[in-house]
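Asks: would you be able to build a 3D model of this:
(chains A and B)
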Protein chains: 2
Amino acid sequence: MAFELHPQLAADTILVREESDLLLLMMDDAQYPWFIVVPKQVQITEWHDLDQAMQIRLHLYCVELGKAVTAAFGSTKINTAALGNMVSQLHVHVIGRRQQDPAWPKPVWGQAPRIPMEQEEIKTRTHSLNQYFSGR
Amino acid sequence: MAFELHPQLAADTILVREESDLLLLMMDDAQYPWFIVVPKQVQITEWHDLDQAMQIRLHLYCVELGKAVTAAFGSTKINTAALGNMVSQLHVHVIGRRQQDPAWPKPVWGQAPRIPMEQEEIKTRTHSLNQYFSGR
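Replies: Model (predicted):
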């Protein structure tokens, strides 16, 4: 069975980077720099469903992403989470937060409805992240 | 400067296990099997503030904890998150979820107020977890 991104994740996000073993997606929401990392594996819903090498690989990628988001967007707090209550396909949120954002200090899920980004904003944000990851 | 657990975490949780480098705490809330892992380091607020060995150590410990919670409490989904918007000291939530719990499918934060556990429940829960971690 081939990997397929869950349709809800596909609908809500923009592809920033495709790595050999994972996808880096950006939530289409102008309110936060909100990224999602998805391992390209089938029928994985929990961290402990991955083998240990991939648990480490995915985690370190998300930690690096947190640094990148802080650098690119001046976020003052990073929220990292694997929830999966609505979309069970394993995906990890890495969200840049600041005291001025609409949900602060609450978590972002289920707060202000998503505000899709302008094309220009999408370009700027994906470019910053790609530059960071290409430069490593 | 010596490590000190943030007073809010100390007030809301019960110590389950003290490892050489981290604390395993249990949120005093009968509604969910809700655990929190805190690295015993000072002035750390983000995953990327830890050195890489500790990023891996803490993460793998939380993944193992997710397995333990699933085994001990029959949880059907694990939620794992490092948020820190209210308490900045780095701490990772590992929460066992099920469709019958009061917040499902929402995240647990800011939902139903905490219901402190009876002493018997505290003993049973900490015992299950300790057995799991001692038996590895």
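Asks: let me know the pLDDT of A:Arg136.
Replies: Note for A:Arg136: predicted pLDDT of 66.
Asks: so who does the most centrally placed residue in chain A touch?
Replies: Nearest to the mean C-alpha position of chain A, by CA atoms, centre = their mean, lies A:Ile36 at 1.7 Å. Contacts for A:Ile36 (CB atoms under 8 Å, 6 or more residues apart in numbering or on different chains) come out as A:Leu9, A:Thr13, A:Leu24, A:Leu25, A:Met26, A:Met27, A:His91, A:Val92, A:His93, A:Val94. In short, each C-beta sits where N, CA and C put it, glycine included.
Asks: so what's it bridging to?
Replies: A:Leu25, A:His93 (DSSP bridges).
Asks: how close does it get to chain B?
Replies: 14 Å (CB to the nearest CB, to the nearest Å).
Asks: how about the nearest residue to A:Val42, chain neighbours excluded?
Replies: In this structure, A:Val42 finds its nearest non-sequential neighbour in A:Met1, 4.9 Å apart by CB to CB, 6 or more residues apart in numbering or on different chains.
Asks: A:Ile44 is in contact with the one you found, correct?
Replies: No - judged on CB atoms under 8 Å, A:Met1 makes no contact with A:Ile44 at a distance of 11.7 Å.
Asks: neighbour-wise, which of those two wins?
Replies: Between A:Met1 and A:Ile44, counted using other CB atoms under 10 Å in any protein chain shown, the more crowded position is A:Ile44 (18 against 5).
Asks: hey, where'd the helices end up in chain A?
Replies: A:7-12, A:52-73, A:119-134 (DSSP state H).
Asks: how about JSON lines for the ones you listed, with distance to chain B and mean neighbour count added?
Replies: Compiled in JSON lines, the helices of chain A are given as follows (distance: least, CB to the nearest CB, whole Å; neighbours: other CB atoms under 10 Å in any protein chain shown):
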{"stretch": "helix A:7-12", "distance to chain B": "13", "mean neighbour count": "13"}
{"stretch": "helix A:52-73", "distance to chain B": "4", "mean neighbour count": "19"}
{"stretch": "helix A:119-134", "distance to chain B": "13", "mean neighbour count": "14"}
